[in-house]
Structure formats: C-alpha cells, structure tokens
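K.L.:
Sequence first, predicted coordinates after that:
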Amino acid sequence: MDMKRINAGKLRAIGYDARERILRVEFDDGSAIDYAGVGSEVWRRFSTSGAAWSFYRDNIEEEFAGKRGRAAVANQRAALDALFKNPGDDS
C-alpha cells in the first residue's frame with residue numbers, strides 16, 4: 001500500500017488499498033490503525049481534505065472498525081542505517 005505523508009494533528013501518513021477497502025492511518029507516536037470496509041469516496045475526501053485531522057476524527061475514527069498496529073518506522077530506520085553505515089564499521 002502506498003502511503004501519503006501528511007502532517008495534520010497527530011496524523012503522519014495515510015494510505016488506502018482499494019481492492020481490500022482498507023484505510024491505514026499512521027500517527028506521530030509510531031502507532032497505526034487499519035480500518036476495514038472504507039469506500040473509495042471516503043478515501044478520496046480524506047486524502048484531499050484541507051483539515052485531515054478533523055476529517056479523520058469526524059468521519060473515520062468512530063465510523064469504522066479499526067485494528068491497531070505499528071507503523072513501518074523500524075524497517076525504514078534499518079534501511080537508512082545500512083545506507084549511511086561507515087565502511088568497516090561493525091557496530
């Protein structure tokens with residue numbers, strides 16, 4: 001799922017899987033929630049909203065069932081560490 005980086009309230013990234021109808025919301029504390037049964041119109045309105053945090057609170061948070069998880073920060077960190085590791089550095 002492609003994630004769109006945003007900086008709105010506590011939101012840091014949002015993404016949508018149209019085939020599975022799953023909306024993923026990632027927060028500034030590293031947590032994430034996947035919401036099932038989200039239609040493409042809700043995604044379109046959310047992803048283009050000028051007030052994404054308010055839209056999330058009013059139209060998604062209480063309206064859809066969510067499954068908590070963690071954002072993929074650890075994998076991104078490992079990739080950056082590998083990219084910028086000094087040659088011969090075994091730490």
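P.N.:
Received the coordinates, thanks.

K.L.:
what's near enough to touch Arg45?
P.N.:
Arg45 sits next to 55, 59 when contact means C-beta atoms under 8 Å, 6 or more residues apart in numbering. (Glycine included, C-beta is placed from N, CA and C.)

K.L.:
I'd like the next helix or strand past the helix or strand in which it is found.
P.N.:
Per DSSP states H and E: Arg45 is located in helix 40-47. Tracing the chain past helix 40-47, the next element assigned as helix or strand by DSSP H and E is helix 52-59.

K.L.:
and whatever helix or strand comes next after that next one, how far from the chain's centre?
P.N.:
The C-terminal neighbour of helix 52-59 among helices and strands, as given by DSSP H and E, is strand 66-70. Relative to its parent chain, strand 66-70 has a centroid offset of 10 Å by C-alpha atoms, centre = their mean, to the nearest Å.

K.L.:
For strand 66-70, list every residue counted as buried.
P.N.:
Across strand 66-70, burial judged by 16 or more other C-beta atoms under 10 Å covers Gly66.

K.L.:
Spatially nearest residue to Ile22, not counting backbone neighbours?
P.N.:
Excluding its sequence neighbours, the residue lying closest to Ile22 (C-beta to C-beta, 6 or more residues apart in numbering) is Asp34, at 5.4 Å.

K.L.:
For Ala51, which residues are in contact?
P.N.:
Listed by C-beta under 8 Å, 6+ apart, the contact set of Ala51 reads Ala8.

K.L.:
right, I mislabeled it, should have said Asp34
P.N.:
Counting by C-beta under 8 Å, 6+ apart, Asp34 touches 22-24, 66-67, 69.

K.L.:
mind running it again at 7 Å?
P.N.:
22, 24, 66-67, 69 (C-beta atoms under 7 Å, 6 or more residues apart in numbering).

K.L.:
just to revisit the earlier point, any idea of the angle the helix holding Arg45 forms with helix 52-59?
P.N.:
140 degrees (axes from the mean of the first three to the mean of the last three C-alpha atoms, to 10 degrees).
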